[in-house]
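> My questions concern the predicted model and sequence given below.
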Amino acid sequence: MSQIAATPDTLRGTIYVDADACPVKQEIYKVAERHGWTVQVVANDIIALPVHPLIRRVVVDGGFDAADNWIAERAGPGDVVITADIPLAARCVKAGAAVLAHNGKGFSDRSIGMALASRNLMAELREAGQVTGGPRPFSQRDRSAFLSALHETIERLKRNRP
C-alpha cells in the first residue's frame, strides 16, 4: 500500500473489521485507501497489518465476545462493519451501521431477522447431528463480490452524508 497522509478532509468514515477469521482483510485495506476511510482491525490477538496511517490495530482482551462488544459499542450511522458473526451484525444494523459479510452479502433491518433465524436453526440441527458439514469454501467469486459490495456501500454512504 502507498503511504498517504491522512487529513481530516480525507477521513470520511470508519470500517470496523471483526478480524479473527476475516478472509478479505487485504481487500478492505485496498478499498479503504481508495476512499480515505479509517480501518479498525479488531481481534483477540495481534494480527499482522500493513503500515499505513488509515489502518489501526485494536487488540481486545480474550473474553467471550470482547471483539464483538468493542465493535458494537462504536459502530453507528456512516460506518461499515465487516463480519460473518450474525449476532454482531444484528447489533450493528440496529445501531445504524452498514454491515457486510465476507462474501459481500449485506445485512439490513429487513434481512437480519431471517439471518438470525437461519443461524439458530442451523445450530440446532448441528447439535442434533443432522448437519455435519460447514459452509462451502471461500472462492474468488466471493472475494470479487465482497470488493464490489464494499465499494458500493462506501459510495452510498458518502452520497448520504450531510
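It's in.
> quick one, helices of the chain?
All helices of the chain, identified by DSSP state H, fall at 25-35, 66-74, 86-94, 109-127, 140-160.
> Can you name every helix or strand that the second one contacts?
Yep, that's helix 66-74 we're talking about. strand 14-18, strand 38-43, helix 86-94 (3 or more CB pairs under 8 Å, 6 or more residues apart in numbering; DSSP states H and E). Placement of C-beta: from N, CA and C, glycine included.
> The first one relative to helix 25-35, how many degrees between them?
Taking axes from the mean of the first three to the mean of the last three CA atoms, to 10 degrees, strand 14-18 and helix 25-35 form an angle of 180 degrees between their directions.
> before we move on, what about the longest one?
Computed by the same axes, to 10 degrees, the angle separating helix 86-94 from helix 25-35 equals 10 degrees.
> What residues sit buried inside helix 86-94?
Of the residues in helix 86-94, 86, 87, 88, 89, 90, 91, 92, 93 count as buried by neighbour count, 16 or more other CB atoms under 10 Å.
> between those, which is closest to residue 80?
residue 92 (9.2 Å; CB to CB).
> need the contact list for that closest one.
Counting by CB atoms under 8 Å, 6 or more residues apart in numbering, residue 92 touches 16, 71, 72, 75, 81, 83, 99.
> That one and residue 71: what is the separation?
According to CB to CB, to the nearest Å, residue 92 stands 7 Å off from residue 71.
> list residues touching both of the two?
Common contacts of residue 92 and residue 71 (CB under 8 Å, 6+ apart): 16, 81, 83.
> Nearest to residue 56, out of the helices of the chain?
Nearest of the helices of the chain (CB to CB): helix 25-35, 10.8 Å.
> quick one: that closest one to strand 38-43, angle?
160 degrees.
> what sits up against helix 25-35?
1-2, 4, 12-13, 15, 17, 19, 22, 37-39, 41, 47, 50, 52, 54-55, 82, 143, 146-147, 150-151, 154, 158.
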